[in-house]
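Chemist: For reference, the sequence and a predicted model appear below.
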Amino acid sequence: MTAPAPEPGLSVGEVVTVDIGPIAHGGHCVARHEGQVLFVRHTLPGERVRARVTEVGSGSRFVRADAIEVVSASPDRVPAPCRYAGVCGGCDFQHVDLAAQRRLKATVVREQLQRLARLDIPVEVEALAGHRDGLRWRTRTEFAVGPEREIGMRPHRSHHVLPVDDCLIAREEVIATGVLHRPAERVPADVVAFDVIAPSVGEPVVVPVTAQGATEAAVAVTEVVEAGGFRGEFEVAARGFWQVHPGAAGRFVELAVEMLAPRAGERVLDLYSGVGVFAAALAEAVGPTGEVIAVESDVEASAHAQANLAAYDNAVVVRARVDEAFGITARRSRGPQRRGSRGGRGRPGTRHPLIPPTADLVLLDPPRTGAAADVCRAVAALSPRAIVYVACDPAALARDLATFADSGYAVRTLRAFDAFPMTHHVECIVLLER
């Protein structure tokens, strides 16, 4: 029996010289070689590079590659400040001038909106206050532990651990914990990572993590948010969700309240509400005659939200998946379904009694997968006068904006922020109105 002929095209390890085309969502640029599409990391549009193939997709339809030599450089290329750049998987754009990084992100957001939502909207990615050089901003960092108890970061799309003695995007307080210099004999055999948190109040926290989760009882930290005339202190799990850029939470709350322009006595839904940051600011804005309903599925986050909103008699927390709170029962696969996952058209279920038939304002801050079409339609059915959508993934945002458009809601304002310098990630805040 003769062996099957090898599939044509590039193979892992092969090195090719390619001309780099446009930036793509995900931190890489697009190139072509003899009909194959390559997604090449550590490059810039307009460059010519030698790239080594790192992965070949199913059916050889696409290829992943890393640049190993720049033959012709873009004027936006700069020396990477970190000596681990290009090996560590944490940063995508250390080789790119900071202003050019924001232009690349704006290009990605605009392209996703055009392609998935048929929207042609000018996009400018704005800097957040502080950390203008793009370094030392990350207040929450996970360091991986390798089989020899080495501590560091994982290379891109790899399970290996690269030992490091610093991370230039992590806050100084994170590095000062000394976790990166912990001797191997002081790293328990079952620990697979250390989460290091530098909150805005109090000392940094180091949480050992095993394959089953944190090795100790839930640790909470306190974060302070100042947004215009609003100031709040919030209890949040050390390993729970919180904006990792110190300038992000306050700016996003300030802008969301400004966009929604709440009026006294209005009813507001805060969906995917986390520990209640937006809900607290909105409860204060609508006053004692108004009402805020915060919906969050995570048990720990909703418990913290209860405590954080205890001072607001006009706010209530609903612990439920957002789709199920609206009476949407998602199609279940045999495996577990992640919160916010897209499972197609859901079946009707039982609507939570605290979800009203109408609302004046709605704020959504869904996970990276987005809210999904059924939730967007349910939100539109409330007939709010304004919706604010906070998004960390431009593709998911664009898909959901297309659904809102079909439901009669148009984008009035879109603001984008560089909440994750040196990476491809970008945060968007969108105002929709009928």
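Modeler: Looks like it came in fine. Everything numeric here is computed off the predicted structure, so don't read it as measured data. Numbering: from 1, shown residues only.

Chemist: Let me know whether residue 77 touches residue 95 as I believe.
Modeler: Yes: shown here, residue 77 and residue 95 form a contact pair, counting by C-beta atoms under 8 Å, at 5.7 Å. Placement of C-beta: from N, CA and C, glycine included.

Chemist: Would you mind grabbing the residues shared as contacts by these two?
Modeler: Common neighbours of residue 77 and residue 95, counting by C-beta atoms under 8 Å, 6 or more residues apart in numbering, are residue 44.

Chemist: Which of the two has more residues huddled nearby?
Modeler: residue 95 (24 against 16; other C-beta atoms under 10 Å).

Chemist: Next one, pLDDT for the closest residue to that one other than its chain neighbours please.
Modeler: Sequence neighbours aside, residue 80 is the residue nearest to residue 95 in space, at 5.1 Å (criterion: C-beta to C-beta, 6 or more residues apart in numbering). Reported pLDDT at residue 80 in the predicted model: 96.

Chemist: For the stretch 151-300 of the chain, which segments count as helices?
Modeler: With helices called from DSSP state H, counting those that start in this stretch, the stretch 151-300 of the chain shows them at 172-176, 248-260, 277-286, 299-308.

Chemist: Please tabulate the ones you listed in a markdown table, including the columns mean neighbour count and mean pLDDT.
Modeler: Output for these, formatted as a markdown table (neighbours: other C-beta atoms under 10 Å; pLDDT from 0 to 100):
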| stretch | mean neighbour count | mean pLDDT |
| --- | --- | --- |
| helix 172-176 | 16 | 98 |
| helix 248-260 | 21 | 98 |
| helix 277-286 | 26 | 98 |
| helix 299-308 | 20 | 97 |
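
Chemist: Which of those sits closest to residue 357?
Modeler: helix 277-286 (18.2 Å; C-beta to C-beta).

Chemist: tell me the angle the closest one makes with helix 299-308.
Modeler: On the basis of axes from the mean of the first three to the mean of the last three C-alpha atoms, to 10 degrees, helix 277-286 is oriented at 30 degrees to helix 299-308.

Chemist: before we move on, the earlier item: of all the helices of the stretch 151-300 of the chain, which lies closest to residue 103?
Modeler: Of all the helices of the stretch 151-300 of the chain, helix 248-260 comes closest under C-beta to C-beta, at 20.2 Å.

Chemist: What is that closest one packed up against?
Modeler: Applying 3 or more C-beta pairs under 8 Å, 6 or more residues apart in numbering; DSSP states H and E, one finds that helix 248-260 contacts strand 220-227, strand 230-237, helix 277-286, strand 361-364, strand 386-391, strand 410-417, strand 427-433.

Chemist: among the helices of the stretch 151-300 of the chain, which is nearest residue 367?
Modeler: Evaluated over these, closeness to residue 367 peaks at helix 299-308, with 11.7 Å, by C-beta to C-beta.
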